[in-house]
Structure formats: structure tokens, C-alpha cells
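K.L.:
I would like the atomic coordinates for the input below:
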Amino acid sequence: MVFYFESTVVSPPALLFMGIDKYENEDLIKWGWPEDVWFHVDQVSSAHVYLRLRPGQTIDDIPSAVIEDAVQLVKANSIMGNKMNDISVVYTMWANLKKTPSMDVGQVGFHKESEVRKVKVAKRINDIVNRLNKTKREEHPDFRAEREKRDRLEREDKKKVIREQKKKEEEEAKRRKDEAELKSYNSLMSQENMNKYDDGNDSDDFM
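P.N.:
Numbering: from 1, shown residues only. Below is the predicted model of the structure:
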């Protein structure tokens with residue numbers, strides 16, 4: 001089961017979600033999307049909260065209000081973190097998560113520590129948590145099927161772009177060819193006109 005939330009501080013609302021337990025988290029780690037940003041309380045057990053970016057959006061484009069929603073949701077869903085003030089929440093792109101066979105269920109590391117960001121959370125803000133919980137819904141998604149559908153659509157989009165680019169290149173090549181042929185034809189016609197009015201006699205003597 002996955003819990004979905006909407007961050008309505010932006011329009012359209014940003015999508016936040018998390019697994020119900022460490023086993024769901026394991027599936028989210030395995031079948032995450034390149035557009036997913038992962039949030040977790042630093043050094044303390046907590047839920048794995050994800051933010052799904054919109055097409056073209058990057059981790060640098062996330063509005064501060066959305067980050068605030070995400071970190072508050074993480075804190076509220078950490079047994080220890082929810083009781084503590086002045087905690088840190090780390091976040092990074094899903095692609096930076098590293099999973100090795102020796103790790104426990106739900107446990108992750110990072111490929112590059114330099115790509116992990118950290119934000120301080122002074123205290124729980126109930127207004128934010130309550131607002132998010134009002135949008136909460138439960139679903140039982142097929143993680144693998146959703147990821148495969150996402151990848152298939154991406155491949156189709158890339159093929160479409162390639163086809164359109166090829167079509168433009170062919171049209172441009174045809175335009176250049178037509179221009180070259182027209183230029184050659186005009187040049188030929190100009191030469192024929194010169195020959196038409198040339199009687200072949202270079203002398204002005206009529207005798």
C-alpha cells in the first residue's frame with residue numbers, strides 16, 4: 001500500500017507519496033522513477049517520502065514551499081523524528097539511491113554523497129501536516145507495471161522526436177535541392193537568351 005498526498009502550495013499540486021512499511025519502501029526503491037526525489041530524516045528511522053517532479057523539472061526547480069511540505073511529512077512519519085526538534089532531512093534524486101545485497105530491507109545508501117542535500121527542520125508544523133493529511137489517499141499500485149509504462153511512453157516520445165527531426169532534415173534537404181535546381185535552371189535560361197541574340201558573326205561588315 002502507498003499513501004499519496006497533494007502539496008497544494010503550487011498549481012497544479014505536487015505529488016508526494018510514501019510506502020506503508022519497509023517492504024513497500026523496498027519496492028519504491030527498486031521501481032522508482034528518474035523524476036522522483038527521495039526524502040528521509042537524517043540519521044533517524046523514518047518513512048521514505050518521494051516527490052514526483054513534473055516533466056522538465058529538476059531538483060533545483062523545487063519551490064521552497066514544496067520542500068517544506070515534504071520535510072514536514074517525513075518528520076511527522078518518523079517515530080523518533082516526530083518527537084524531536086532541530087532535526088535534519090536529507091533528499092536526493094532517486095537515481096542516486098544505492099542498494100546492495102548486504103543492506104537490510106528498506107535500507108539505502110548513495111552513489112554520490114555530493115548529490116545529497118540537507119535541510120534543517122526546527123519543529124513540526126501542524127498546519128502543514130494537517131493540510132497534507134486532508135489530501136491523503138491509499139492505493140495499491142503495481143510498481144513494476146507503472147515504471148514499465150512510464151519507460152514505454154518515454155521511448156515512444158523519443159522515437160516521435162527522432163521521426164520529426166528526420167522529417168525536418170528531409171524537408172530542408174529537399175528545399176536546398178529545389179533551390180539549387182532553380183538556380184541552375186535560371187543560369188541556363190540566361191545563357192540561352194544570350195545565344196539567341198548572337199548571330200555568330202563577330203563582324204559589323206555587311207558586304
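
K.L.:
which residues in the chain form strands?
P.N.:
2-7, 14-19, 36-41, 49-52, 87-93, 97-98, 109-110, 117-121, 137-139 (DSSP state E).

K.L.:
of these, which approaches Arg147 most closely?
P.N.:
strand 36-41 (10.3 Å; Cβ to Cβ). All C-beta atoms are positioned from the backbone trio N, CA, C, and that covers glycine.

K.L.:
Show me where the protein dips below the pLDDT cut-off.
P.N.:
Along the chain, the parts satisfying pLDDT under 70 run over 189-207.

K.L.:
Same list (the strands of the chain) but as a markdown table, adding distance to Asp127.
P.N.:
As requested, these are exported to a markdown table (distance: least, Cβ to Cβ, whole Å):
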| stretch | distance to Asp127 |
| --- | --- |
| strand 2-7 | 13 |
| strand 14-19 | 16 |
| strand 36-41 | 19 |
| strand 49-52 | 18 |
| strand 87-93 | 18 |
| strand 97-98 | 31 |
| strand 109-110 | 32 |
| strand 117-121 | 14 |
| strand 137-139 | 20 |
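
K.L.:
Compare these and give me the one nearest Gln72.
P.N.:
Among these, the nearest to Gln72 by Cβ to Cβ is strand 117-121 (7.2 Å).

K.L.:
Which strands or helices does the longest helix along the chain pack on?
P.N.:
If you go by DSSP state H, the chain has its longest helix at helix 143-196. Contacts defined by 3 or more Cβ pairs under 8 Å, 6 or more residues apart in numbering; DSSP states H and E place helix 143-196 against helix 22-30.

K.L.:
Kindly export the helix it packs on (C-alpha atoms) in CSV.
P.N.:
What follows is helix 22-30, C-alpha atoms only, in CSV (Å, rounded to 0.1, in the frame of the first residue of the first chain):
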residue,chain,number,x,y,z
LYS,A,22,9.8,-1.0,4.8
TYR,A,23,8.7,-3.7,2.3
GLU,A,24,6.8,-1.1,0.3
ASN,A,25,9.8,1.2,0.6
GLU,A,26,11.9,-1.6,-0.9
ASP,A,27,9.6,-1.7,-4.0
LEU,A,28,9.7,2.1,-4.3
ILE,A,29,13.5,1.9,-4.2
LYS,A,30,13.5,-0.7,-6.9
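
K.L.:
List the contacts of that helix.
P.N.:
Counting by Cβ atoms under 8 Å, 6 or more residues apart in numbering, helix 22-30 makes contact with 1-2, 18-19, 47-48, 50, 94, 97, 99, 104-106, 108, 143, all of which sit outside it.

K.L.:
quick one: the longest helix of the chain to strand 14-19, angle?
P.N.:
140 degrees (axes from the mean of the first three to the mean of the last three Cα atoms, to 10 degrees).
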